[in-house]
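[1] Please work out how this folds:
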Amino acid sequence: MNPAPQASDAPRYIRGVPHALPDGEHLLWEGAPSMRGVATHVFHWRLVLAYFVGMLTLWALTTETPRGTEVWWSQATLRLALGVFVMLCVLGLSKAVASTSWYAITSRRVVMRVGMAFPMSINIPFTLLHTAGLGVFRDGSGQVSLGLVPGQRLAYIALWPHCLVWNINHPTPVLRGLEQPEAVARVLATAVADAAEADAASGMADSTTRIERGAPGRSAIRQTRTAPAGA
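    The predicted structure is shown next:
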C-alpha cells in the first residue's frame with residue numbers, strides 16, 4: 001500500500017468510486033486491508049484454532065468411547081471436520097473483506113469503500129474528524145481509528161468490520177489491516193494539517209475540527225504501540 005502517484009491534469013478516481021475527485025482535491029494515498037491483518041486482528045484465527053484444538057483434546061481425554069474404535073474415529077472426524085469448516089469460514093470472510101474493501105486519503109477527506117454484499121462508499125471530510133488514533137500490533141501491522149465530532153454518527157452495520165468492535169452506539173470508523181500503519185498515519189496527519197492551514201488562510205476554518213496532537217507541528221495522530229486484541 002504505497003502513496004498514490006502525484007496528481008496530473010487528468011481526472012483522478014478512487015478505486016470503486018465512479019465519480020472523479022473534485023477540482024483542487026488530490027489523492028494522497030490509497031490501499032486495501034491485508035487478508036493476513038484481517039484474519040489475525042479482526043476474526044482472530046489463532047484464537048479460533050486454539051479453541052477447536054483445546055476442545056478436541058479435552059474430548060479425547062474425557063470421552064468414555066473406547067479409543068481407536070470405529071465410533072471413536074467417527075466422532076473425532078466429525079469434530080475435526082467442524083473445526084476445519086469454521087477455520088475455512090474465518091479465512092473466507094477475511095479474504096472477502098480484504099478483496100472488497102478499499103481505503104483512500106485525499107487532501108480533504110478519508111474515503112472508505114466497504115461492503116461485501118452491498119458495496120458502498122463512506123466519505124469522512126476532515127472537518128468531521130475529532131480525533132485519530134494509530135494502533136500498531138506486535139506483528140507490525142496496524143490500524144488507524146477515526147473519531148468523529150460529537151453529533152456525527154455512522155451506522156454500525158454499514159461499517160462492520162471496519163469499526164471498533166465494542167463502540168456500537170457510537171461507531172468509530174477504522175482503517176483495518178494496514179501493512180504500513182505508521183506511513184498511513186503520517187499521510188493523514190499531514191493532510192489534516194495542510195487542510196486546516198488552507199481553511200484558516202481562506203477564513204473557512206472550522207473550530208469544531210480537532211485532531212489530537214502534542215504540540216504545534218507534531219503528528220496529528222495519537223499512537224499506541226500495540227493495539228488491543230479485538231479492537
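
[2] quick one: the helices in this protein?
    35-41, 45-62, 70-100, 156-159, 181-201 (DSSP state H).

[3] Kindly reformat those helices as JSON lines and extend each row with mean neighbour count and distance to residue 124.
    The C-beta positions use only the backbone N, C-alpha and C, and glycine is treated the same way. What follows is these, written out as JSON lines (neighbours: other C-beta atoms under 10 Å; distance: least, C-beta to C-beta, whole Å):
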{"stretch": "helix 35-41", "mean neighbour count": "21", "distance to residue 124": "20"}
{"stretch": "helix 45-62", "mean neighbour count": "12", "distance to residue 124": "29"}
{"stretch": "helix 70-100", "mean neighbour count": "14", "distance to residue 124": "19"}
{"stretch": "helix 156-159", "mean neighbour count": "15", "distance to residue 124": "11"}
{"stretch": "helix 181-201", "mean neighbour count": "18", "distance to residue 124": "11"}
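
[4] Pipe those into CSV and attach mean pLDDT and distance to residue 20 per row.
    Shown next, in CSV, are the helices of the chain (pLDDT from 0 to 100; distance: least, C-beta to C-beta, whole Å):
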stretch, mean pLDDT, distance to residue 20
helix 35-41, 95, 29
helix 45-62, 95, 38
helix 70-100, 95, 22
helix 156-159, 89, 24
helix 181-201, 89, 19
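
[5] Of the ones you listed, which is nearest residue 130?
    helix 181-201 (11.2 Å; C-beta to C-beta).

[6] Grab the most central residue of the protein for me.
    The structure's the chain has its C-alpha centroid closest to residue 176; by C-alpha atoms, centre = their mean the separation is 1.6 Å.

[7] now the helices of the chain as CSV including distance to residue 169?
    Shown next, in CSV, are the helices of the chain (distance: least, C-beta to C-beta, whole Å):
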stretch, distance to residue 169
helix 35-41, 23
helix 45-62, 26
helix 70-100, 23
helix 156-159, 8
helix 181-201, 25
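
[8] sorry, back to before: for the residue nearest to the centre of the chain, which non-adjacent residue is closest in space?
    The shortest distance from residue 176 to any non-neighbouring residue, by C-beta to C-beta, 6 or more residues apart in numbering, is to residue 33 (4.6 Å).

[9] Quick check, that neighbour in contact with residue 101.
    Yes: between residue 33 and residue 101 a contact is recorded at 5.4 Å, counting by C-beta atoms under 8 Å.

[10] quick one: which of these two has more around it?
    When residue 33 and residue 101 are compared for neighbours, residue 33 comes out ahead with 29 against 23, by other C-beta atoms under 10 Å.

[11] Identify the residues contacting that one.
    Contact analysis of residue 33 by C-beta atoms under 8 Å, 6 or more residues apart in numbering lists 97-98, 101, 103, 175-178.

[12] what's the pLDDT at the residue nearest to residue 105 when sequence neighbours are not counted?
    Once flanking residues are discounted, residue 105 sits nearest to residue 29: 4.6 Å by C-beta to C-beta, 6+ apart. With respect to pLDDT, residue 29 has a value of 95.
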